[in-house]
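Chemist: Structure for the following, please:
(chains A, B, C and D)
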2 protein chains.
Amino acid sequence: MNPGPADGIGATPRPSGRPRDPVCEQAICRATLDLLAESGLAGLTIEAVAARAGVGKATIYRRWSGKDELLIDAVARLTEPVRPALRGNLRDDLVVLLDALSARSRSSQAARILPRLLGEGVSHPEVLRHYREQVIVPRRKRIAEVLRGGIAAGELRADLDTDIEFAIDLLVGPVIYRLLTRPDEALPADLPERLVDAVLAGLRPR
Amino acid sequence: MNPGPADGIGATPRPSGRPRDPVCEQAICRATLDLLAESGLAGLTIEAVAARAGVGKATIYRRWSGKDELLIDAVARLTEPVRPALRGNLRDDLVVLLDALSARSRSSQAARILPRLLGEGVSHPEVLRHYREQVIVPRRKRIAEVLRGGIAAGELRADLDTDIEFAIDLLVGPVIYRLLTRPDEALPADLPERLVDAVLAGLRPR
DNA sequence: AGGATACGGAACGGTGCCGTATCGTATTGG
DNA sequence: CCAATACGATACGGCACCGTTCCGTATCCT
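Modeler: Okay, here's the model as predicted:
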């Protein structure tokens, strides 16, 4: 921006020489996440990443200082692409959001990465933190909006407002928990629906 | 073989030589779980296990063929020691069981091992399977009993009987999910209580 | 054209762990 | 006492990955 003289104060003065290829970053991060999903941190070696990305190791070390930084950065680039359309109805909106969650979790990549990151979260909190900020929190925000709408409309208990996070855990927790502890069993297609209905109405007889 | 007269058919005939020290197995498995909790699978090396257990590597290889077998066996020896006393009341019993769950999860060892195993479950399902059978399933069985009691007493919807597992996920899921995704935040002491009440009564206004 | 930097690829020494073998010692049964 | 096996300790060759450095080539700016 401002290539001519009188360059701006903080403007980076474009170093001479061949510029870095942005395609590389992308290929490296993609390879990192692929390997993480496939074989976990054990299979996540710089050499494997370089090979899968079709890149020399030097190209990686030119950008990141080591495996940890690379992983954190790759995870940080995960973002939430799909924003399912809502219908304005509390119950149906929650079903839509939880449906999106289970659909995403059915995709092998996301389903495999989450458990790895949680496992790693014990000893490398930063990695989990970035994933939480980039992926988890945005999802939860949408659920929070729907829930607050429900409270405003009188469809939900008013005191829920005090702890929306708790209510979100109530909805999301069972899906993720099941996914993590019984990864071989497929999620039933009607799980979100039954979950939302159960949480809204409670388990006691009417 | 067959030292005494009229020896039993399948009786193992006590091999000659110095017998294996059962204390070793115990020390090795304990060291394995400790290391798994502390530094994950990355820190779980045979040499580290041997060092921590105060044992030669040969003593490990004499019993297990490698890291995978050792890990599976160590996890299989995890059992559920505490069985909290119930009070015969549906709501209170559920609170007691979920309280025990969160208390256990507060202990650093259990809290650290679970995420590691879930992460490993993606590529090594056997490890997770043994943990599930030894630790998770027994816990869930107790919850199932309480829930079935509630159904019989008419305190819970009768159609819940079709899918008790679903109801258990509803209760356990939020605790574990929160524990895994926000390991730095301590679990509120009243979480089990609020959780049980919310799940029983539902989120809608009365 | 020429300088500077990035690129893929290959090689390097260093390190940590593997699984095995071999010590000297200890503990069992015969 | 002797044979057999387990024990802790140590040493070994082999391998995979680390992080760095060097190629020859490609791509930018002046």
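Chemist: How about residues contacting the lowest-mean-pLDDT helix or strand in chain A?
Modeler: Lowest on mean pLDDT, DSSP states H and E among the helices and strands of chain A sits helix A:108-121, with a mean of 92. Outside helix A:108-121, the residues that touch it by Cβ atoms under 8 Å, 6 or more residues apart in numbering or on different chains are A:33-34, A:36-38, A:40-41, A:75, A:78, A:104-105, A:127-128, A:131, A:176, A:179-180, A:183, B:40, B:115-122, B:180-181, B:183. To be clear about C-beta, it is placed using only N, CA and C from the backbone, and glycine gets the same treatment.
Chemist: contacts with DNA strand C among those residues, please.
Modeler: Among the contacts of helix A:108-121, no residue sits close to DNA strand C (Cβ under 7 Å from any atom of the strand).
Chemist: Which of these fall in helices?
Modeler: Among the contacts of helix A:108-121, DSSP state H puts A:33-34, A:36-38, A:40-41, A:75, A:104-105, A:127-128, A:131, A:176, A:179-180, B:40, B:115-121, B:180-181 in helices.
Chemist: Stretch A:164-174 and chain B in contact?
Modeler: Yes - Stretch A:164-174 is in contact with chain B by Cβ under 8 Å from any Cβ of the partner chain, via A:166-167, A:169-170, A:172-174.
Chemist: Any idea how far that stretch is from the middle of the chain?
Modeler: From the chain centre to the centre of stretch A:164-174 is a distance of 17 Å (Cα atoms, centre = their mean, to the nearest Å).
Chemist: Can I have the buried ones of the ones in helices among the contacts of helix A:108-121 as a PyMOL selection?
Modeler: Paste this into PyMOL to select the buried members of the ones in helices among the contacts of helix A:108-121, with burial taken from 16 or more other Cβ atoms under 10 Å in any protein chain shown:
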select buried, (chain A and resi 33+34+36+37+38+40+41+75+104+105+127+128+131+176+179+180) or (chain B and resi 40+115+116+117+118+119+120+121+180+181)
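Chemist: give me phi/psi at the one residue sitting closest to the centre of chain A?
Modeler: Among the residues of chain A, the one closest to the centroid is A:Val135, at 2.7 Å (Cα atoms, centre = their mean). A:Val135 has phi and psi values of phi -110, psi -50 when expressed as degrees, to the nearest 10.
Chemist: how near is it to B:Ala198?
Modeler: 26 Å (Cβ to Cβ, to the nearest Å).
Chemist: how about stretch A:80-91: buried residues?
Modeler: For stretch A:80-91, by 16+ other Cβ under 10 Å, it's A:86, A:90-91.
Chemist: of all the residues you listed, which comes closest to B:Glu25?
Modeler: A:Arg91 (54.3 Å; Cβ to Cβ).
Chemist: Would you check how far apart that closest one and DNA strand C are?
Modeler: As defined by Cβ to the nearest atom of the strand, to the nearest Å, A:Arg91 lies at a distance of 50 Å from DNA strand C.
Chemist: got any ranges where chain A has weak pLDDT?
Modeler: A:1-13 (pLDDT under 70).
Chemist: which residue does it bring closest to DNA strand C?
Modeler: A:Gly17 (2.0 Å; Cβ to the nearest atom of the strand).
Chemist: burial measure for that residue, as a count.
Modeler: 6 (other Cβ atoms under 10 Å in any protein chain shown).
Chemist: Restrict the least confident helix or strand of chain A to CA atoms and write it as CSV.
Modeler: The C-alpha coordinates for helix A:108-121 follow below in CSV (Å, rounded to 0.1, in the frame of the first residue of the first chain):
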residue,chain,number,x,y,z
SER,A,108,-13.4,-37.7,10.0
GLN,A,109,-11.0,-34.8,10.1
ALA,A,110,-12.8,-32.8,12.8
ALA,A,111,-13.8,-35.9,14.7
ARG,A,112,-10.2,-37.1,14.9
ILE,A,113,-8.6,-33.7,15.7
LEU,A,114,-10.8,-32.9,18.6
PRO,A,115,-9.8,-35.8,20.8
ARG,A,116,-6.1,-35.3,20.0
LEU,A,117,-6.2,-31.7,21.0
LEU,A,118,-8.1,-32.5,24.2
GLY,A,119,-5.5,-35.1,25.1
GLU,A,120,-2.7,-32.6,24.3
GLY,A,121,-4.5,-29.9,26.3
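Chemist: and the direction of it versus that of helix B:108-121, what angle?
Modeler: For helix A:108-121 against helix B:108-121, the angle by axes from the mean of the first three to the mean of the last three Cα atoms, to 10 degrees is 150 degrees.
Chemist: Get me the contact residues on chain A for DNA strand C.
Modeler: So chain A meets DNA strand C at A:15-21, A:24, A:54-59, A:62 (Cβ under 7 Å from any atom of the strand).
Chemist: just to revisit the earlier point, leaving aside the residues next to it on the chain, what's closest to the residue nearest to the centre of chain A?
Modeler: In this structure, A:Val135 finds its nearest non-sequential neighbour in A:Leu78, 5.5 Å apart by Cβ to Cβ, 6 or more residues apart in numbering or on different chains.
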